[in-house]
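A.B. asks: okay, structure incoming, though there's no sequence with it:
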């Protein structure tokens, strides 16, 4: 009898980590979740990642992604890899999400908030879910250290900078660009004026804000288009006194993640040059 | 000469309205600027923001609106007289969409960055080819219906190509510019665009100038006009080319703006005594005025980003077009 109980206990003990333990076939369907997943998980935990994770222009994990099958966020692809966890984002197609849930697949949703705090929370939660909590903490620590190195806490004497993208978009409150500008010691007049998110503003408005510097980032290979020609407007050149606009690659702004620290250091260096 | 006096009065009032509207256009934008300060800064040559907004944004935009609108109005009047068809206009006979297609090909596939005038040149060639296609499809003495059907076919085809090419273009921003090429916009025009627009526009206008008498003769019918000394094939070649030059230049900078070329000559025709030669200059002035007014309207409309100016011209123009059709039905045309 006691032997049987011992055997049962032993069985329970050995079975427990497998049942409630870390997922072993994780699928990610979005570039943002691909990046965090590949940074945090053991390679054998990952069943597939989205095709965008292999795109040089937008992904930070191209090398890592090469070792895994890719998906195109199609329901059949996802199901056929028999995932025990699907990492999703707020932008994941709700139909895909509903179907997955109806079929009983487990999902983990990232918040993808546009602040260091939100990034930290996303990393910590996903790492815990993957059973990789220490790796998550290490990643967070690394990001925080990098941020502190290039952070400006002084609130006086901040020069003004705006993001100005092709088609005339600027970044206001609740954007990664604004978070990075603030951390690197710039003022963002668009955010100060209460502009929220990523919105097009008239050129006259940009000139009126009189920024000391304009940052921009072309998406992908630049071609010729009216949107891109807009950045060549003579008024902008005169406004900046023929200083060039500063390019920060677009991939830093697609997804919230630890790479924000690198973007902040680029903005910080630009500010040091400005002073 | 009562007619001449009426004509003078018309030209003066149009001119006066243009000057007033242009001043208004310099005052209206997303930012309120004190005009005196702005003028002072512009003339002092320092880069104050008001001077910058005035000289680099509002003046080029106002001038481009006037020039492009004038070309549209003028070419509408020319086409209507030449084809002796009240519905002929750059938008309907394919010049506008052809010009947009030509401009799209040169801009998005790298030709426009080779030399400055590649862009308007593409627009001109596109306008000429599309217009000739419509003309050949409809035949020389085409009825209204045939001309419109040919125009609809060619317009649909060229705009489909514009859309297809923008989808295939290497620039990631190209797809979002479809609306701009189909509706037209004057947002963010700079002095660069003004210089691109100017040569072809002036050349086209000069070629049209002094053809008024031949157009007058055409109102009697082609045979009578030839017997009275109009060289029709030469006239046709010259005017088709002139329209292509002016419209190609305008559209390659602004996108295909509709209805101005149709509406303006119609509005003014009763005022000039139905005489084509007297219609040309007022149509140019009226076209410039109408486009500038539409653009001011765009700037006043509250919207995130800007509404395309072609939306406003179509909002005014489409009801007018319907009215034309109803009138035509009544008079049994």
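C.D. replies: Arrived safely, thanks for sending. This structure is a prediction, so every number in the text was calculated from the model and none was measured.

A.B. asks: CA only for contacts and neighbour counts going forward, please
C.D. replies: Noted.

A.B. asks: which residues touch the closest residue to chain B within chain A?
C.D. replies: Proximity of chain A to chain B (CA to the nearest CA) peaks at residue A:223, 4.3 Å away. Counting by CA atoms under 8 Å, 6 or more residues apart in numbering or on different chains, residue A:223 touches B:108, B:110, B:170, B:171, B:172.

A.B. asks: the last one: neighbour count?
C.D. replies: In this case it means residue B:172. 20 (other CA atoms under 10 Å in any protein chain shown).

A.B. asks: same deal with the one 3 residues further on?
C.D. replies: Residues lying near residue B:175 (other CA under 10 Å) number 17.

A.B. asks: correct me, but it touches residue B:166?
C.D. replies: Yes: here residue B:175 reaches residue B:166: they are 5.2 Å apart, a contact under CA atoms under 8 Å.

A.B. asks: just to revisit the earlier point, from the contacts of residue A:223, pick the one nearest chain A.
C.D. replies: residue B:171 (4.3 Å).

A.B. asks: distance-wise, check residue B:220 relative to chain A.
C.D. replies: Taking CA to the nearest CA, to the nearest Å as the measure, residue B:220 falls 46 Å from chain A.

A.B. asks: got the residues of the stretch 101-250 of chain B near chain A?
C.D. replies: Residues of the stretch 101-250 of chain B found near chain A (CA under 8 Å from any CA of the partner chain) are B:107-110, B:113, B:170-174, B:177, B:188, B:190-191.

A.B. asks: contacts only, for residue 86.
C.D. replies: Using chain A here. A:26, A:27, A:28, A:29, A:105, A:106, A:107, A:108.

A.B. asks: let me rephrase: I mean chain B.
C.D. replies: So residue B:86 contacts B:80, B:144, B:266 (CA under 8 Å, 6+ apart).

A.B. asks: of all the contacts of residue A:223, which two lie farthest apart?
C.D. replies: B:110 and B:172 (13.8 Å; CA to CA).

A.B. asks: same list (the contacts of residue A:223) but as TSV, adding pLDDT and secondary structure.
C.D. replies: Listed next are these as TSV, based on pLDDT from 0 to 100; DSSP: H, G, I helix; E, B strand; the rest coil:
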residue	pLDDT	secondary structure
B:108	89	helix
B:110	83	coil
B:170	81	coil
B:171	81	coil
B:172	76	coil
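
A.B. asks: so residue B:38 makes contact with residue B:50?
C.D. replies: Yes: Residue B:38 is in contact with residue B:50 according to CA under 8 Å; the separation is 4.6 Å.

A.B. asks: comparing these two, which residue is more hemmed in?
C.D. replies: residue B:50 (24 against 19).

A.B. asks: now do the helix or strand where the more buried one lies: which elements does it pack against?
C.D. replies: Element membership for residue B:50 (DSSP states H and E) is helix B:49-52. For helix B:49-52, the packing partners by 3 or more CA pairs under 8 Å, 6 or more residues apart in numbering or on different chains; DSSP states H and E come out as helix A:203-209, helix A:234-239, helix B:35-44.

A.B. asks: distance from that helix to the middle of the chain?
C.D. replies: 29 Å (CA atoms, centre = their mean, to the nearest Å).

A.B. asks: do the same with stretch B:287-295
C.D. replies: 10 Å.

A.B. asks: how about it, does it reach chain A?
C.D. replies: No: Stretch B:287-295 lies out of reach of chain A by CA under 8 Å from any CA, never closer than 14.2 Å.

A.B. asks: can you show me the strands along the stretch 151-275 of chain A?
C.D. replies: A:161-163, A:169-171, A:198-200, A:213-216, A:246-247 (DSSP state E, counting those that start in this stretch).

A.B. asks: check residue A:256 and give its pLDDT.
C.D. replies: At residue A:256, the model reports a pLDDT of 95.

A.B. asks: phi, psi of it?
C.D. replies: phi -70, psi 140 (degrees, to the nearest 10).

A.B. asks: what sits closest to residue A:244 if chain neighbours are left out?
C.D. replies: Distances taken as CA to CA, 6 or more residues apart in numbering or on different chains put residue A:237 closest to residue A:244, at 7.8 Å, once the chain neighbours are dropped.

A.B. asks: so that neighbour touches residue A:214, yeah?
C.D. replies: No: Residue A:237 is beyond contact range of residue A:214, at 10.3 Å (criterion: CA under 8 Å).

A.B. asks: neighbour-wise, which of those two wins?
C.D. replies: Per other CA under 10 Å, whichever of residue A:237 and residue A:214 has more neighbours is residue A:214, with 21 against 14.

A.B. asks: for that one, what are its contacts?
C.D. replies: Residue A:214 touches A:161, A:162, A:163, A:164, A:240, A:245, A:246, counting by CA under 8 Å, 6+ apart.

A.B. asks: likewise residue B:103?
C.D. replies: B:119, B:120, B:121, B:122, B:123, B:126, B:251, B:252.

A.B. asks: among those, who's most crowded?
C.D. replies: Among those, residue B:123 has the most neighbours (other CA under 10 Å), with 35 neighbours.

A.B. asks: pretty sure it belongs to a helix, no?
C.D. replies: Yes: according to DSSP: H, G, I helix; E, B strand; the rest coil, residue B:123 belongs to a helix.

A.B. asks: I figured residue A:199 hits residue A:171, correct?
C.D. replies: Yes: counting by CA under 8 Å, residue A:199 touches residue A:171, with 6.6 Å between them.

A.B. asks: of these two, who's got more company?
C.D. replies: residue A:171 (25 against 16).

A.B. asks: so that one sits right up against residue A:190, yeah?
C.D. replies: Yes: between residue A:171 and residue A:190 there is a contact under CA under 8 Å: 7.0 Å.

A.B. asks: joint contacts of those two?
C.D. replies: Counting by CA under 8 Å, 6+ apart, the contacts common to residue A:171 and residue A:190 are residue A:162.

A.B. asks: save the contacts of residue A:223 as JSON lines, and put in distance to residue A:97 too.
C.D. replies: Below are the contacts of residue A:223 laid out as JSON lines (distance: CA to CA, whole Å):
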{"residue": "B:108", "distance to residue A:97": "38"}
{"residue": "B:110", "distance to residue A:97": "41"}
{"residue": "B:170", "distance to residue A:97": "32"}
{"residue": "B:171", "distance to residue A:97": "32"}
{"residue": "B:172", "distance to residue A:97": "28"}
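
A.B. asks: can you give me the helices in the stretch 151-300 of chain B?
C.D. replies: Assigned helices in the stretch 151-300 of chain B, in chain order: B:178-183, B:191-208, B:212-218, B:222-227, B:232-254, B:260-268, B:276-300 (criterion: DSSP state H, counting those that start in this stretch).

A.B. asks: same question for chain A.
C.D. replies: A:2-20, A:31-40, A:62-65, A:75-80, A:94-102, A:116-129, A:133-149, A:176-183, A:189-192, A:203-209, A:226-229, A:234-239, A:251-254, A:260-274 (DSSP state H).
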